[in-house]
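K.L.:
fold the following for me, if possible:
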Amino acid sequence: MFENIFKTAIRSFLKTKTISFINVLGLSLGIAICIIIALFLSNEMSYDKHHAFADRIYRVNSHIIFGGNDLNLAIVPAPMAEALPFDFPEVEAAVHFRQRGSFLVKREDDNIKESNVIYAGKDFFKIFTVPLIDGSPEGVLDEPQTMAISKKTADKFFPNESAVGKSLILDNESDFKITAVYEDMPANSHFHFDLILSAEGLEEAKSPFWLGNNFQTYLLLREGSDPSGLNDKFKQLIAKHIEPALAQVMGEDFTMEEFQSSGNMIEYSVQNLRDIHLKSNLQGEFEPNFSITYIYMFVAVALFILLLACINFMNLSTARSSSRAKEVGVRKALGSSKMDLKVQFLAETFLVSLVSFAFALFIASLLLPFFNELSGRSLEIPFTDFGFYLILFVGALFVGLLAGIYPSFFLSAFEPAKVLKGNLSGGMKSGSVRSTLVVFQFAVSIILIIATVSVFSQISYIQEKELGFNKDQVVMIEDIYALGDQAQSFKESIVQNSLIEKGTFSGFLPVSGTWRSDTPWWAEGRDPKQQENLVSIQNWSVDIDYINTLGMKIIDGRDFSMDFPSDSSGVILNETALKSLNFDGNPVGQRIASFMGNNTDGINMEEFEYKTVIGVVENFHFESLKENIGAVMIFLDRKPQGYASFRFNANDTEEVIDIIESKWKAMAPGQPFNYSFLDERFGEMYKSETRIGKVFAAFTVFAIFIACLGLFALTSFTAEQRRKEIGIRKALGASVGGIVFLLSREFTKLVLIAFVFAAPLAWYGMSQWLEDYQFRIDLGWEIFLFSASVVMLVAWLVIGMQSIKAARANPINSLRSE
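P.N.:
Predicted coordinates for the structure are as follows:
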């Protein structure tokens, strides 16, 4: 039986080689895309699952509304890690982390810049599964000035020797003893540290101050503990620790009820470790995470592309029903049942599916390097995993059933008495069902095109939007502290070059990854104990050339000037800060005040710091365009710090870099020279969106190609089935153009119907995606018109090729038997 089914299937394939090839090619492409997307999704959903206690590890997040800011943070106060195991019996252990940027690291001679450096509490290796390859697991981070390093770091600084017991020098001054070497952290981790420094020697980590938020804090819950119950208990922690700290600042008559009634809020919650990569996009993340929204989108794309390929098979199988009708009639006349015929046609489909999966694996292996480049991942096909092949086989059965179920029922339903008499209507057989499937194919293609165009339009909008500063032709030189007391001389010597226009020192720049610091301020004369008078403002320390170098615009007052020594206590506010402080009258010349103190030692509510407003700068974007522009105050700090940023006027950037690097090496021998460009750093803030746009563009091309494969074959069959009609029309004088129009008209209607269904769905989906951006494009009609035009044009090209071929055929060939 199976041998007969196999032989019949082979004969059917060989009889219609073109259609069989299109079926296999369409299914193979669809399945290959699904394999790649499945590998990608499997990787994204595997993040942090390698930790033995992943189901019991939780991060503490905070939501703070205060001083006009609404902050969702992955950071909490320093004392929380120590307090939680004592206050909550559910907590077995806790560890906190403090990021302090990059460090210059050396063993003896030249420094190497290391960016993946973190201060961590002593229970890090107890909570997280990070295997040690050298050193004892006991007390790795118990002592100050100790650290653990990754294998690649050990190989870099201590090749062919043990690193444990030796020391590294950080920032030319601090010796840290190495107590352990651990395996490099896997790619599917939401953090990657190469140097883990003991927080026992960090004064900030011992701070009793509960109102500063600088530490990522993770908890290991006891087995059987309810994390949702822990969320409820945070109210007790706020009452015990946060409320007294606020009362110390706001006055003894402070109450949380009054605090909350003024629109303020402090809340804490826990989030499971395994959810962070896909379900967290907070301020203070270790690294940019992915989004669960994109996971849903990729799943939808994979299913849609697979359905497109299956629909091709269904349409082509039913379209060529006339060529197999007599076969069905003869089989039934000879005693075959409907079930026998269904099994035969399903078996043929399964065979096509198996062949397609084999080709799909080959195609996926060819496409995967390109996908890795687009997505920034390093995915591999697990050729040595037996389970992978088992999944492929089950997938082949599923696809075979999905693609073959309708054709098998349709073809097996023919009545032998009618089909053997040739009683089959011409034109598109099973037209209504097949038309619905074609509409679905083009609706999917239109949705993907609209999504891709919308993503790229938003990215283009971001790149071209007026940002309030000029990001072009600005080079940022990092680690300026390595120059020591020669930093100012370095800047002055660089700006003397004719290719350099201006230069400035500051660690606070309007791109992510640079410094941030905010504190509450109020207009002088207002009562700081009245919470509505407090405004949380970013405090940016800069040098005198900052505004000019970055191309910012002063709209009231003036810039800092060497002619005014009093500018050392002056500030420039942005428009948001000006509006939030709500000055009486002209703000220039008025003073603002803040509490003295810091996040380590606490705030002194009896002593105030005053600054005089000397100017107002036009609002500028310093975070992602997903965020509103926050309040910023800029003040002078004549000590060089952070980055040295230079605006240049040369087209040859390499020449500019060579000039700066040569001066650096002369003034800071043995110190690494690292630089970046402001516009590139700005672009990195939207790297995820850019990658998603490119991936969707690639998938859209494949979706349209698969749809067009089916349309090409379907048009061929339609022209073949209407061959005599076309011959008669030509004999009666019909033109080639008229016949092309006749054959194209029906498919054109289907594309237009597809657009009617696709447009509102695409509009809703992309509107939801754009909701994440405070500054975004409008989904104008031109995006939808362009998408519909692309699909229509491609459809016409495919239909036109076959229609012209049919229209130009000699009518004698189609009518000779009449």
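
K.L.:
quick check on the most centrally placed residue in the chain: phi, psi?
P.N.:
With distances taken as C-alpha atoms, centre = their mean, Ser688 lies nearest the centre of the chain, 3.5 Å away. The phi/psi pair for Ser688 (degrees, to the nearest 10) reads phi -60, psi -50.

K.L.:
wait, it touches Thr293, no?
P.N.:
No. Contact criterion C-beta atoms under 8 Å: Ser688 and Thr293 do not qualify, at 11.2 Å. In this view, the C-beta of every residue, glycine as well, is placed from N, C-alpha and C.

K.L.:
which one is Ile480 nearest to, not counting chain neighbours?
P.N.:
Ala644 (5.0 Å; C-beta to C-beta, 6 or more residues apart in numbering).

K.L.:
what do you get for Arg776?
P.N.:
Spatial nearest neighbour of Arg776, excluding adjacent residues (C-beta to C-beta, 6+ apart): Leu770 at 4.5 Å.

K.L.:
how close does Glu348 get to Leu709?
P.N.:
Per C-beta to C-beta, to the nearest Å, Glu348 is found 19 Å from Leu709.

K.L.:
Provide the secondary structure category for Leu448.
P.N.:
Look at Leu448: counting by DSSP: H, G, I helix; E, B strand; the rest coil, its state is helix.

K.L.:
about what we covered before: let me see the contact set for the residue nearest to the centre of the chain.
P.N.:
The neighbours of Ser688, taking C-beta atoms under 8 Å, 6 or more residues apart in numbering as the test, are Pro288, Phe290, Ser291.

K.L.:
which one of the residues you listed sits closest to Ala120?
P.N.:
Checking the contacts of Ser688 against Ala120 by C-beta to C-beta gives Pro288 as the nearest, at 20.6 Å.

K.L.:
quick check: the closest one vs Asn214, distance?
P.N.:
Distance of Pro288 to Asn214, computed by C-beta to C-beta: 19 Å.

K.L.:
between these two, which one's more packed in?
P.N.:
Between Pro288 and Asn214, counted using other C-beta atoms under 10 Å, Asn214 has the larger neighbour count: 22 against 14.

K.L.:
was I right about the more buried one contacting Glu204?
P.N.:
Yes. Here Asn214 reaches Glu204: they are 6.9 Å apart, a contact under C-beta under 8 Å.

K.L.:
which neighbours do Ser688 and Thr293 share?
P.N.:
Contacts common to Ser688 and Thr293, judged by C-beta under 8 Å, 6+ apart, are absent.

K.L.:
endpoint to endpoint, stretch 188-199 covers what distance?
P.N.:
25 Å (C-alpha to C-alpha, to the nearest Å).

K.L.:
next, the buried residues of that stretch.
P.N.:
Residues of stretch 188-199 classed as buried: Asn188, Ser189, His190, Phe193, Asp194, Leu195, Ile196, Leu197, Ser198, Ala199 (neighbour count, 16 or more other C-beta atoms under 10 Å).

K.L.:
how far does that stretch sit from the chain's center?
P.N.:
Stretch 188-199 sits 21 Å away from the centroid of its parent chain (C-alpha atoms, centre = their mean, to the nearest Å).

K.L.:
what does stretch 285-292 give?
P.N.:
Distance of stretch 285-292 from the chain centroid (C-alpha atoms, centre = their mean) equals 7 Å.

K.L.:
what residues does that stretch touch?
P.N.:
Outside stretch 285-292, the residues within contact range by C-beta under 8 Å, 6+ apart are 44, 74, 97, 99, 190-192, 216, 276-281, 687-688.

K.L.:
give me the subset of these lying in helices.
P.N.:
Among the contacts of stretch 285-292, DSSP state H puts Glu44, Ile276, His277, Leu278, Lys279, Lys687, Ser688 in helices.

K.L.:
among these, who's most crowded?
P.N.:
Counting neighbours by other C-beta under 10 Å, the top entry in the ones in helices among the contacts of stretch 285-292 is Ile276, with 25 neighbours.

K.L.:
switch the contacts of Ser688 over to JSON lines; also include distance to Ala759, secondary structure and pLDDT.
P.N.:
What follows is those, written out as JSON lines (distance: C-beta to C-beta, whole Å; DSSP: H, G, I helix; E, B strand; the rest coil; pLDDT from 0 to 100):
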{"residue": "Pro288", "distance to Ala759": "32", "secondary structure": "coil", "pLDDT": "88"}
{"residue": "Phe290", "distance to Ala759": "28", "secondary structure": "coil", "pLDDT": "90"}
{"residue": "Ser291", "distance to Ala759": "25", "secondary structure": "coil", "pLDDT": "89"}
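
K.L.:
which among those gets closest to Asp652?
P.N.:
Pro288 (32.3 Å).

K.L.:
for that closest one, give its distance to Ser280.
P.N.:
For Pro288 relative to Ser280 (C-beta to C-beta), the value is 10 Å.

K.L.:
before we move on, back to that, now the ones in helices among the contacts of stretch 285-292 in JSON lines, with distance to Ser136?
P.N.:
Shown next, in JSON lines, are these (distance: C-beta to C-beta, whole Å):
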{"residue": "Glu44", "distance to Ser136": "35"}
{"residue": "Ile276", "distance to Ser136": "29"}
{"residue": "His277", "distance to Ser136": "31"}
{"residue": "Leu278", "distance to Ser136": "35"}
{"residue": "Lys279", "distance to Ser136": "36"}
{"residue": "Lys687", "distance to Ser136": "40"}
{"residue": "Ser688", "distance to Ser136": "40"}
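
K.L.:
relative to Phe298, which of these is nearest.
P.N.:
The closest of the ones in helices among the contacts of stretch 285-292, once distances to Phe298 are taken by C-beta to C-beta, is Glu44, at 8.6 Å.

K.L.:
understood, closing this out.
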